[in-house]
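Engineer: generate coordinates for the sequence data below:
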Amino acid sequence: MQTMQAMRGPGGGLRARTVGLARLLLRTGVALSMLGIMGLTVVNVFMRYVFVRPISGSDEMVQFMLALLVFSAFPLVTVERRHFSVSVLARGARGWLKFAGVALELAVSALGCAIVTSQLYSQAAMLGSEQMTTMVLQLPLAPLNYAMSALSSLAFVGIVVLLAEHVLGGRSGDAK
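Structural biologist: Prediction:
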């Protein structure tokens, strides 16, 4: 049985490699979604105006890819703290007030993300139990909502880690 020290290896910590792999997979998902949306739109426009035969269900495919694009980017943007935030308490503050403001911002973000994740999961369960599908292509809607819920839960975990690092004195809590 390997110890955690042996698993870390020379290339950095286990946590750093796991986070790096997660970022790579999420960025790949974002890139593939964007490429798919762009490619499908170009081909659909070509088919519509040259052959007067648009791709059936292309709007549904674009909607699925757009949802995956947004929710793949959600954990990346959140963990890197590049989202819009209102830092009323931390702006211009120093010391304990700044610390408390950042902690409150992260706590409220975690709560909001937990609510979004819970609602997406509940909706996925409802869509699955009712076997809801898209109108044209008859694609099941539940798997998409489960995927969005899972990606949202990654963002939630990221926020909780940022909050824990901030409270315990880590560098990730610094206000940007």
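Engineer: need the longest helix for this structure.
Structural biologist: Secondary structure assigned by DSSP state H gives helix 14-50 as the longest helix of the chain.
Engineer: next secondary structure after it?
Structural biologist: Sequence-wise, the next helix or strand downstream of helix 14-50 (DSSP states H and E) is helix 58-79.
Engineer: against which helices or strands is whatever helix or strand comes next after that following helix packed?
Structural biologist: Later in the chain than helix 58-79, the nearest helix or strand by DSSP H and E is helix 96-129. Judged by 3 or more CB pairs under 8 Å, 6 or more residues apart in numbering; DSSP states H and E, the packing partners of helix 96-129 are helix 142-167. In this view, the C-beta of every residue, glycine as well, is placed from N, C-alpha and C.
Engineer: name the helices or strands packed onto the helix it packs on?
Structural biologist: Under the contact definition 3+ CB pairs under 8 Å, 6+ apart, helix 142-167 sits against helix 14-50, helix 58-79, helix 96-129.
Engineer: can I get the CA coordinates of the second one in PDB?
Structural biologist: Taking C-alpha atoms only, helix 58-79 is exported to PDB below (Å, rounded to 0.1, in the frame of the first residue of the first chain):
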ATOM      1  CA  SER A  58     -29.700  21.900 -34.600                       C
ATOM      2  CA  ASP A  59     -31.200  24.400 -32.100                       C
ATOM      3  CA  GLU A  60     -31.600  21.600 -29.500                       C
ATOM      4  CA  MET A  61     -28.000  20.400 -30.000                       C
ATOM      5  CA  VAL A  62     -26.800  24.000 -29.600                       C
ATOM      6  CA  GLN A  63     -28.800  24.400 -26.400                       C
ATOM      7  CA  PHE A  64     -27.300  21.200 -25.000                       C
ATOM      8  CA  MET A  65     -23.700  22.300 -25.900                       C
ATOM      9  CA  LEU A  66     -24.300  25.800 -24.500                       C
ATOM     10  CA  ALA A  67     -25.500  24.400 -21.200                       C
ATOM     11  CA  LEU A  68     -22.400  22.200 -21.000                       C
ATOM     12  CA  LEU A  69     -20.200  25.200 -22.000                       C
ATOM     13  CA  VAL A  70     -21.600  27.400 -19.200                       C
ATOM     14  CA  PHE A  71     -21.500  24.700 -16.500                       C
ATOM     15  CA  SER A  72     -18.000  23.500 -17.500                       C
ATOM     16  CA  ALA A  73     -16.800  27.100 -17.200                       C
ATOM     17  CA  PHE A  74     -18.700  27.600 -13.900                       C
ATOM     18  CA  PRO A  75     -16.200  25.700 -11.700                       C
ATOM     19  CA  LEU A  76     -13.200  27.200 -13.500                       C
ATOM     20  CA  VAL A  77     -14.400  30.800 -13.100                       C
ATOM     21  CA  THR A  78     -15.500  30.300  -9.500                       C
ATOM     22  CA  VAL A  79     -12.300  28.700  -8.200                       C
END
